[in-house]
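Q: Okay, here's the prediction I keep looking at, along with the sequence it came from:
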Amino acid sequence: MNADIINENQSGEDSRRKFLKKLGIMGSIPFLPASIPAFGSAMNAEAAIGTVDVTHSGQEKSIIGQYGPWVASLPEDPSPLSFRNSRWTRVDAWKDMAMKKFLELTASPDIGRVPQVTVGRKYSYDGLEIEEIVWQLPFGRPTEAIVLKPLGASGRLPAILGLHDHGGNKYLGKRKITRTGDNIPEFVIAHQEESYEGKAWANEIAKRGYVVMVHDAFAFGSRRIMYKDVGGIPWGPCNVDGKSDADPENPDNIIAYNNWAGEHEHILSKSLFCGGTTWPGVFLAEDRAALDVLRSRDDVDPERIGCGGLSGGGLRTVYLAGSDRRIKCSVCVGFMSTWKDFLLNKSYTHTWMTYTPLLPKYLDFPEILGLRVPLPAMALNNNEDPLYTLPEMQRADRMLRDIYAKAGVPENYKSGFYPGGHKFDIKMQKEAFDWFDRWLK
């Protein structure tokens, strides 16, 4: 094993932090692809030839230079299908029009009926009953999932669909937010320490009396794209699928896979566009299939199901909870800002999974989640989160407050702003879990 990754002479914490840094998911920008073009050479070249700053005097710079203010001015605010727009007075009339446009543009594919589930191992750990289950969708490898509930629980319980994060780590999926035994790989522990203050939050909320299911999202974990299946791109020789027979979870292989998967992300997104769909649309289709599985369980009350997650899980929460009324309560963590923020400041920090072309003409990003009004929603933010600017996070919060207030249910929306960077720490988890308890118990 590479000494740069795990040094036996270091403490476990130092080793894990070094692994995270090597992996590219520690601290600042967990959505940034594993490698991006270096800026230094380009900037030095400009300096050498005397390139001048062509932005107008007094104009703030943007990530697309002098074109930023113009592009930002293209969408109306409020947009035509925003409930904040004065043309809309009735929630039902607005929602009917806005939802039709949302579904048209996300172009979520039809993937058929509730998938047939195969139950693998059943066992107990940490006061929980655990099931490892799998189902086959019409495309790709089988979807693996973990189900957790309190040991000895009976009857129909409220349930949570736990949505794992992105974190620059497509090798992992469901394991990012679960623990099913004491023999946990260092790279899983490192991820949970960095993002969740050392907690497997799916386990923690299951202990409160919920059935919790966490499945691998499209392009993650069991659903990840394998390098060996990809052809037609001159990548050069590389062994990056993560696992090998000799050492099934070698951190070097995992790092290589995640670097490759980061480079491949724009290719997958463009290909989905060419297929007439979008990455958010595929997420939505697969997350709805997972919701179908969860609702069909004999130990779940189908009228008391919530969903939530951090970062990429927050993104998926926005799309799923915004469009599916079967989600009775939602918590979006570390993914709430505006299209303007992405446009002018932060699109380079975010995955291709975020974007639905043309949707910003009709709904701002927070208004996707606002489609669920009057059903309850929570958004938890971090003041120093490098993925967003604080003013735009605050503006997104005001949008959601305005939507819920105009609908006459201001108490059904709640937000929180916490100190620190991109995370879902123990204090935030407590607020989220209390919110679920309020609406689902």
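A: Cool, the structure landed.
Q: for the stretch 151-300 of the chain, what are the low-confidence residue spans?
A: Applying pLDDT under 70 to the stretch 151-300 of the chain flags the ranges 236-240, 242-246.
Q: quick one: the strands in it?
A: Per DSSP state E, counting those that start in this stretch, the stretch 151-300 of the chain carries strands over the ranges 157-162, 211-215, 300-310.
Q: which strands and helices sit next to the shortest one?
A: Pointing back at strand 211-215 there. Packed against strand 211-215 by the contact rule (3 or more C-beta pairs under 8 Å, 6 or more residues apart in numbering; DSSP states H and E) you find strand 143-150, strand 157-162, helix 201-206, helix 279-295. C-beta coordinates here come from the backbone N, C-alpha and C atoms, glycine included.
Q: Show me how far that strand is from its chain's centre.
A: Relative to its chain's centre, strand 211-215 lies at 15 Å (C-alpha atoms, centre = their mean, to the nearest Å).
Q: contacts for that strand?
A: For strand 211-215, contacts defined as C-beta atoms under 8 Å, 6 or more residues apart in numbering pick out 143-149, 153, 157-164, 173-174, 177-178, 202-203, 205-206, 286, 290, 293-294, 297, 299-300.
Q: go on, the first one?
A: Defining contact as C-beta under 8 Å, 6+ apart, one finds that strand 157-162 is touched by 149, 177-178, 201-202, 205-206, 209-214, 287, 290-291, 294, 297, 299-301, 304-309, 313, 320, 327, 436, 440-441.
Q: try 7 Å this time
A: With contact meaning C-beta atoms under 7 Å, 6 or more residues apart in numbering, strand 157-162 is reached by 149, 177, 202, 205, 209-214, 290-291, 294, 299-301, 304-309, 436, 440-441.
Q: Could you tell me which of those count as buried?
A: Buried by 16 or more other C-beta atoms under 10 Å: 149, 177, 202, 205, 210-214, 290-291, 294, 300-301, 304-309, 436, 440, out of the contacts of strand 157-162.
Q: thinking again about what came up before, would you reformat the helices and strands packed on strand 211-215 as a markdown table and include distance to Gln429?
A: Formatted as a markdown table, these follow (distance: least, C-beta to C-beta, whole Å):
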| stretch | distance to Gln429 |
| --- | --- |
| strand 143-150 | 15 |
| strand 157-162 | 12 |
| helix 201-206 | 5 |
| helix 279-295 | 20 |
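Q: Quick one, which of the ones you listed gets closest to Pro80.
A: Taking C-beta to C-beta as the measure, the helices and strands packed on strand 211-215 were each checked against Pro80, and helix 279-295 came out nearest at 20.4 Å.
Q: quick one: the helices in the protein?
A: Secondary structure of the chain (DSSP state H): helices at 12-23, 40-48, 68-72, 91-106, 186-196, 201-206, 251-274, 279-295, 312-323, 339-341, 365-370, 390-406, 426-440.
Q: so which of those comes closest to Gly112?
A: Closest to Gly112 of these, according to C-beta to C-beta: helix 279-295, at 8.4 Å.
Q: Pretty sure Lys101 sits against Tyr362.
A: Yes: the criterion here is C-beta atoms under 7 Å, and Lys101 meets it with Tyr362 at 5.1 Å.
Q: So for these two, which residue has more residues nearby?
A: Tyr362 (19 against 16; other C-beta atoms under 10 Å).
Q: can you pull the contacts of Glu392?
A: For Glu392, the contact set (C-beta under 7 Å, 6+ apart) comprises 337-338, 340-341.
Q: what's the most distant pair in these?
A: Maximum pairwise distance among the contacts of Glu392 (C-beta to C-beta): 8.4 Å, between Ser337 and Lys340.
Q: More neighbours: which of these two?
A: Using other C-beta under 10 Å as the criterion, Ser337 and Lys340 rank with Ser337 on top: 26 against 22.
Q: what's the pLDDT at that one?
A: Model confidence at Ser337, given as pLDDT, is 98.
Q: Would you confirm that it contacts Ala396?
A: Yes: Ser337 is in contact with Ala396 according to C-beta under 7 Å; the separation is 5.3 Å.
Q: Can you check which residues contact both of these two?
A: Contact criterion C-beta under 7 Å, 6+ apart; residues shared by Ser337 and Ala396: Phe365.
Q: burial count for the nearest residue to Gly314 once chain neighbours are set aside?
A: What sits nearest to Gly314 in space, not counting adjacent residues and going by C-beta to C-beta, 6 or more residues apart in numbering, is Phe335, at 3.0 Å. Look at Phe335: counted by other C-beta under 10 Å, it has 31 neighbours.
Q: returning to what we had before: give me the common contacts of Lys101 and Tyr362.
A: Common neighbours of Lys101 and Tyr362 (C-beta under 7 Å, 6+ apart) are Leu81.
Q: Isn't Lys414 up against Asn381?
A: No: the criterion here is C-beta under 7 Å, and Lys414 misses it with Asn381 at 11.9 Å.
Q: Settle it for me: which of the two has more neighbours?
A: More crowded of Lys414 and Asn381, by other C-beta under 10 Å: Asn381, with 24 against 19.
Q: tell me the contacts of that one?
A: Counting by C-beta under 7 Å, 6+ apart, Asn381 touches 334, 336, 393, 415-417.
Q: try 10 Å this time
A: Applying C-beta atoms under 10 Å, 6 or more residues apart in numbering, we find Asn381 in contact with 314, 332-337, 388, 390, 393-394, 396-397, 415-418, 422, 428.
Q: If it is in a bridge, with which residues?
A: Phe417 (DSSP bridges).
Q: thinking again about what came up before, anything in contact with each of Ser337 and Lys340?
A: Common contacts of Ser337 and Lys340 (C-beta under 10 Å, 6+ apart): 346, 364-365, 389, 392, 395-396.
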